[in-house]
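>>> Build me a model from this:
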Amino acid sequence: MTTRREFLVLTAALAVPAAAEAQVDPNLVANRKAAFQTALRKVVGDAKVQRGRVKLQLPPLIDNGNSVPLSVAVESPMTATDHVRAIHVLTEKNPLPDVVSVHLSPRAGRATLGTRVRLADTQTVTAIAQMSDGSFWSDSAEVVVTLSACLEEGLI
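As a prediction, the model looks like this:
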């Protein structure tokens, strides 16, 4: 007959391998960095991205990563010859780094975007504006997330 103490020790010993499977992938940081670079190349190709003309606003500290307010404004006259073609928002630590892409035309009148996004962790968020002349402009902001969202499969 098994005692209660022996049963609890046996149960705990069987639970250890299950807990070991739930650990974070040791290549997670490298994989996310590679995914961000791939998403960035998909947006800009080999073009140079310049700082300026784009203003990214989001709170520096957010309690819950499930709904983070974000706004992007781009300095542009929005004329037929000089306008913003697209605004892209990328994150460095989300499982899918390309968060949102918005395509615009001169008829938009203003090059602004306001939305809410999910953030997996404390990270840098980057907004990139593609202009009608083919140039790319960007702005970045760091946000501290206390309760993460976008957890990858297998993590609790």
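>>> For residue 34, what are phi and psi?
Residue 34 has phi and psi values of phi -70, psi -40 when expressed as degrees, to the nearest 10.
>>> Over to the one 4 residues further on?
Taking degrees, to the nearest 10, you get phi -60, psi -40 for the backbone angles of residue 38.
>>> So which residues make contact with stretch 68-77?
Contacts to stretch 68-77, defined as Cβ atoms under 8 Å, 6 or more residues apart in numbering, come from residues 53-59, 62, 82-84, 87, 89, 110-119, 125, 127, 129, 131, 137, 139, 143, 145. Any C-beta I mention is one placed from the backbone N, CA and C, and that applies to glycine too.
>>> residue contacts, residue 85?
103-105, 130-132.
>>> Residue 97: which of those is nearest?
residue 130 (16.8 Å; Cβ to Cβ).
>>> Which other helices and strands does the helix or strand hosting that closest one contact?
In this structure, residue 130 sits in strand 123-131 according to DSSP states H and E. With contacts taken as 3 or more Cβ pairs under 8 Å, 6 or more residues apart in numbering; DSSP states H and E, strand 123-131 sits against helix 28-44, strand 54-57, strand 68-74, strand 84-91, strand 136-147.
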